[in-house]
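Student: fold the following.
(2 chains)
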Amino acid sequence: RKEVEQDPGPFNVPEGATVAFNCTYSNSASQSFFWYRQDCRKEPKLLMSVYSSGNEDGRFTAQLNRASQYISLLIRDSKLSDSATYLCVVPSGSARQLTFGSGTQLTVLP
Amino acid sequence: SQTIHQWPATLVQPVGSPLSLECTVEGTSNPNLYWYRQAAGRGLQLLFYSVGIGQISSEVPQNLSASRPQDRQFILSSKKLLLSDSGFYLCAWSTFYDEQFFGPGTRLTVL
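Tutor: Prediction:
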């Protein structure tokens, strides 16, 4: 099992749609999880941190299921500006190294 | 507030030439520092990390090296570039928590 596995995508959705991305991880000892957003040819930017069962920030909701080792990101009322690649990220070492999933590409269509 | 700088933004180098990429962080002390590479259409690969001045850990064997001469300075180097070294090089920092924050990156093309 890969350390972090994400939906391969791409996801093409109309404006206003709700879209969900899934991610599974292999390290059951992980305590924190992150979703990053990466725009084309730009650096990844932290979108959400998840330390307990979930987190909500406006239109974005992240949920964590520790028993199934599963994280999800839900985007409601999609905007054109949400088009990006979404990276699922899990800590993986004593020096706070991070393991990044391969990313899920989202395109929101007008 | 903390900021992270990388330069140059883009670089085109011939095979066999040397490389030096620099990363500096402002507004924080004793950060952990990281170098990543992202090949075209691929995920992020951790290359090196550093928990303090002069302390470098390598994650993958390669012809690259890293140094940390000052607390907030991290340098990625190569004596002789290969075609396979092309990619998007990202520097990141973290402190007490696990979140990492990335610089704007250097896009390297080796011809």
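
Student: quick one, what contacts the closest residue to residue A:81 other than its chain neighbours?
Tutor: Residue nearest to residue A:81 in three dimensions, not counting chain neighbours: residue A:108, with 7.8 Å by CB to CB, 6 or more residues apart in numbering or on different chains. For glycine as for every other residue, the C-beta is placed from the backbone atoms N, C-alpha and C. By CB atoms under 8 Å, 6 or more residues apart in numbering or on different chains, the contact set of residue A:108 is A:13, A:14, A:15, A:17, A:78, A:79, A:80, A:81, A:82, A:83.

Student: isn't residue A:62 up against residue A:55?
Tutor: Yes: using CB atoms under 8 Å, residue A:62 makes contact with residue A:55 at a distance of 4.9 Å.

Student: out of the two, which sits in the busier spot?
Tutor: Set side by side, residue A:62 and residue A:55 show more neighbours around residue A:62, with 23 against 17, by other CB atoms under 10 Å in any protein chain shown.

Student: can you tell me the centre-most residue of chain B?
Tutor: Nearest residue to the geometric centre of chain B (CA atoms, centre = their mean): residue B:35, 3.3 Å.

Student: does that residue sit in a helix, a strand or a coil?
Tutor: Following DSSP: H, G, I helix; E, B strand; the rest coil, we place residue B:35 in the strand state.

Student: spatially, what comes nearest to residue 43 if we skip its sequence neighbours?
Tutor: Since no chain was named, I'll use chain A. Nearest-residue entry for residue A:43: residue B:102, 4.0 Å, with adjacent residues in sequence omitted and distances by CB to CB, 6+ apart.

Student: you looked at the wrong chain, it should be chain B
Tutor: Using CB to CB, 6+ apart and skipping residues adjacent in sequence, the residue nearest residue B:43 is residue A:102, 4.3 Å away.
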